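*Asks:* From the sequence below, what's the structure:
(one chain, ligands or ions: 1)
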Amino acid sequence: MRATVSPDGRITVRDADGAVIAEEAAPVSWTADGRAVLRWRIPPDAHFYGLGERAAPLDLRGGVYVNWNTDPRTYGPGDDPLYLCVPFLLVLLPEGRGAFGLLLENSARSWFDLGRTEPGVVRIEVESPHPSPTPLRGEVSCILFFAPTVAELVERFTEATGRHPLFPRWALGYHQCRWSYYPEERVRRLARDFRETYRVPCDGIHLDIHYMDGYRVFTWDPRRFPDPKGLIADLHGQGFKVVTIIDPGVKADRNYRVFREGLERGMFCRYPDGRVFIGPVWPGNCAFPDFTDPRVREWWGDLHRDLLEAGVDGVWDDMNEPALFGEDGATIPGPVRHNLDGAGGDHRVAHNLYGLNMARATAEGLARLRPDRRPFVITRSGWTGVQRYTAHWTADNRSDWASLRQTLPMVLNLGLSGIAFTGSDIGGFEGFATGELFTRWLQMSVFFPFCRAHTYFASHDQEPWSWGEPYLSVNREFIQLRYQLLPYLYTALWQCAQRGVPIVRPLLWASQDDPTTHTLDDEFLCGDALLVAPVLEEGATRRRVYLPAGRWYDFWTDDVLEGPGWIEAEAPLERIPVFVRAGAAVPMGPEMDYVGQRPTDPLTLHLYPPAEGQEGVSFLYEDDGETIAYQRGEYLLHRFALSTGRLEWTTEGDHNPGPRRVEAIIHRGAGQEPVRLEDIAPGVRRLDHLI
Ligand code: GLC
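*Replies:* Below is the predicted model of the structure:
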């Protein structure tokens, strides 16, 4: 595929045979109100993906999507825009006619009309940062990415815009949140419930806004949390990590250090006449730091010192679209000025960059203050490239089945937009989850990178035990399974940090030639080996599952199935259909209550032999899980090449996982006892007599 530019500046994209697959329909034009209009003729049967966080199907064709980060208060399928937009569009033409990506570089409000108004035309409109009739020429910029597959396009795109860092391993544990756990005694009871009463594994306890003193960021409520350091030390003693919420709004209160300091040092956003912009959020009237200013980012980052000294492990950046109280979509007014890293501009161009830069300030601050530890930050808002700094969650959805169903395509398109460490509020945020809804949501989410239950202030308890049996046992088993899968999930995270490969991928990722996968968004791949088909309907105890070409093993029964084709799979409450790609080696560890409670001992390699004459290659990545020593070569990368007759295991890197047992379990199909091999080691092992 290649692009050519005609003498009038129009770009034409052709496939390898020279056929036109996309062309600019006309040079950029302008609407009366100053919007730049770009029109691309793209065949009407093209599929579209990406665009960040969209409550839409995986294939975005036929929709109009706005790029303007917005707090919708709560949302359901079809609501647009949401908290995090990425103006990166992936275009896939069916029948092997190619794929390409288009990134709009402008940060002003924009619209992507994907064939709704004019079939066969992608219409992109970009708001002018200057009122009409000031000409915009030269201010609209797109980057085209070319690669034969969506998978390679995402690699190229993340090469250009950045990839997730290797988050600490505990980030992959189970997290529990609500708005809000307080006072201190409630948090201690939550910890006891996990460790003693119900014995459910958990790593992260998240403190929502009530831990603060009158919602003043970087403070603690002295009555609810009189001794944060003591509390966090005790939680650490039980293996928990603590994540605290931070909002951008700084309470306008002259007796409050952060506000006084910010005012004196000129850290807040101002109107062109120099007045500080003040708007209402949780604490009442607030000033808003201008995170697009490097000086402000440094100041803000350093403000996390006290939280870290109290022992806080991670930071949750919220409300950073930024959202204000008032009418829907309220935010900082357009004329308010921003530094924009020296370029200067107003909120109309800085708005979409606000959350990204808050997340950046936070992550850079944590890295500076605690250079030996990897920062863990999650953000609600963001923009192209926010993955360099943080993880993300899909925020204020609803506790209903439609929202559960919606979550999966959202997470898939976020991954294709470079933002791969994501998940949704398990059980849903607003409303009241039933035991069944929570369990089904959790069963899907244990295969998502970010696995956190959360709910809003007025809801009932939403913990894994809140509905009693049979839900508690099923929830516990699935969370335990996640902990056993940690070696596998951490390897997928490493691949993501290395190459931008999302952890949760649509089936088309590995089967782009199969048109059925182009719109399939109720099942997904987790890492290289697993295909997961969550249950998304109330009362369902079976579901249809599409298996793409190749041999698959049923994860629960070892049944061997051949794709491509549809199957009917059993899905009683205690199970969702999961399949393993033949040829895979899936590394698993022992059960544990929290990440790092014990070493990965034994390390169990589940081997799923490929069809005769084929070979599968799998990886296992290990390091200390916390520091940045891996950047100096202290990691251990295992490569497993598996064929029917042979396993070849090689390693690379200096990390020493310590003495441990390594065993292999060879899965041989339903009705056949798996073969267990004790004490295996790197090298070549013949397996033909075993299969
Ligand atoms: C926002 C967040 C939600 C949080 C609430 C209170 O709505 O999206 O997760 O619980 O604010 O802080």
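*Asks:* can you map out the helices along the protein?
*Replies:* 150-161, 184-192, 228-237, 257-264, 294-302, 305-310, 347-369, 401-416, 435-445, 471-484, 486-499 (DSSP state H).
*Asks:* Does anything pack onto the last one? Which helices or strands?
*Replies:* Read that as helix 486-499. Under the contact criterion of 3 or more CB pairs under 8 Å, 6 or more residues apart in numbering; DSSP states H and E, helix 486-499 touches strand 585-588, strand 615-622. (C-beta placed from N, C-alpha, C; glycine too.)
*Asks:* And whatever residue of the stretch 351-500 of the chain ends up closest to the ligand, how far from Gly326?
*Replies:* Residue nearest to the ligand within the stretch 351-500 of the chain: Ala395 (4.3 Å; CB to the nearest ligand atom). Ala395 is 19 Å from Gly326, where distance means CB to CB, to the nearest Å.
*Asks:* One more: Phe555?
*Replies:* From Phe555 to Gly326 the distance is 49 Å (CB to CB).
*Asks:* Show me which of those two is the more surrounded one.
*Replies:* The residue with more neighbours, out of Phe555 and Gly326, is Phe555; 22 against 11, by other CB atoms under 10 Å.
*Asks:* So for that one, what's the nearest residue that isn't a sequence neighbour?
*Replies:* Val578 (3.9 Å; CB to CB, 6 or more residues apart in numbering).
*Asks:* how about that neighbour, what does it touch?
*Replies:* Phe447, Leu530, Leu531, Val532, Ala533, Asp554, Phe555, Trp556 (CB atoms under 8 Å, 6 or more residues apart in numbering).
*Asks:* Top of those by number of neighbours, please.
*Replies:* Most crowded among the contacts of Val578, counting by other CB under 10 Å, is Phe447 at 26 neighbours.
*Asks:* Tabulate the contacts of Val578 in TSV, adding columns for pLDDT and distance to the ligand.
*Replies:* Conversion of the contacts of Val578 to TSV gives the following (pLDDT from 0 to 100; distance: CB to the nearest ligand atom, whole Å):
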residue	pLDDT	distance to the ligand
Phe447	98	22
Leu530	98	28
Leu531	98	30
Val532	99	25
Ala533	99	28
Asp554	98	36
Phe555	98	32
Trp556	97	34
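*Asks:* Would you check which pair of those lies furthest apart?
*Replies:* The largest separation in those, counting by CB to CB, is between Phe447 and Asp554 at 15.6 Å.
*Asks:* so what's the closest residue to Pro534 other than its chain neighbours up against?
*Replies:* Of all residues not flanking Pro534 in the chain, Met444 sits nearest, at 3.6 Å (CB to CB, 6+ apart). Counting by CB under 8 Å, 6+ apart, Met444 touches Leu404, Thr407, Leu408, Val532, Pro534, Leu536, Ile576.
*Asks:* right, and the helices of the chain - which one's nearest Asp247?
*Replies:* helix 347-369 (9.4 Å).
*Asks:* Quick check: buried residues in the closest one?
*Replies:* 347-367, 369 (16 or more other CB atoms under 10 Å).
*Asks:* Taking their axis directions, that helix and helix 294-302 sit at what angle?
*Replies:* 50 degrees (axes from the mean of the first three to the mean of the last three CA atoms, to 10 degrees).
*Asks:* do helix 347-369 and the ligand meet at all?
*Replies:* No: Helix 347-369 stays out of contact with the ligand when judged by CB under 6 Å from any ligand atom, the minimum separation being 12.0 Å.
*Asks:* Packing partners of that helix?
*Replies:* Counting by 3+ CB pairs under 8 Å, 6+ apart, helix 347-369 packs on helix 294-302, helix 305-310, strand 314-317, strand 337-338, strand 377-379.
*Asks:* which parts of the stretch 351-500 of the chain sit against the ligand?
*Replies:* Residues of the stretch 351-500 of the chain lying close to the ligand by CB under 6 Å from any ligand atom are Arg380, Ala395, Asp396, His454.
*Asks:* Kindly reformat those as JSON lines containing distance to Leu489.
*Replies:* JSON lines is the format used below for these (distance: CB to CB, whole Å):
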{"residue": "Arg380", "distance to Leu489": "23"}
{"residue": "Ala395", "distance to Leu489": "23"}
{"residue": "Asp396", "distance to Leu489": "26"}
{"residue": "His454", "distance to Leu489": "20"}
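*Asks:* State the pair within those residues that is farthest apart.
*Replies:* Applying CB to CB across those, the maximum distance is between Arg380 and His454, 11.7 Å.
*Asks:* Which of these two has more residues huddled nearby?
*Replies:* The neighbour count for Arg380 versus His454, taken as other CB under 10 Å, is higher for Arg380 (29 against 25).
*Asks:* right, and the more buried one touches Tyr83 too?
*Replies:* Yes: assessed by CB atoms under 8 Å, Arg380 is found in contact with Tyr83 at 4.9 Å.
*Asks:* Now do the shared contacts for these two.
*Replies:* Both Arg380 and Tyr83 are contacted by Asp71, Glu321, Gly355, Ala395, under the criterion CB under 8 Å, 6+ apart.
*Asks:* just checking, which of these belong to strands?
*Replies:* The members of the shared contacts of Arg380 and Tyr83 all map outside strands under DSSP state E.
*Asks:* Show me which of the residues you listed are buried.
*Replies:* By 16+ other CB under 10 Å, the shared contacts of Arg380 and Tyr83 give Asp71, Glu321, Gly355, Ala395 as buried.
*Asks:* Can you tell me how far the second one is from the ligand?
*Replies:* If you measure Glu321 against the ligand using CB to the nearest ligand atom, to the nearest Å, the figure is 10 Å.
*Asks:* same question, Pro94
*Replies:* Distance, Pro94 to the ligand, by CB to the nearest ligand atom: 38 Å.
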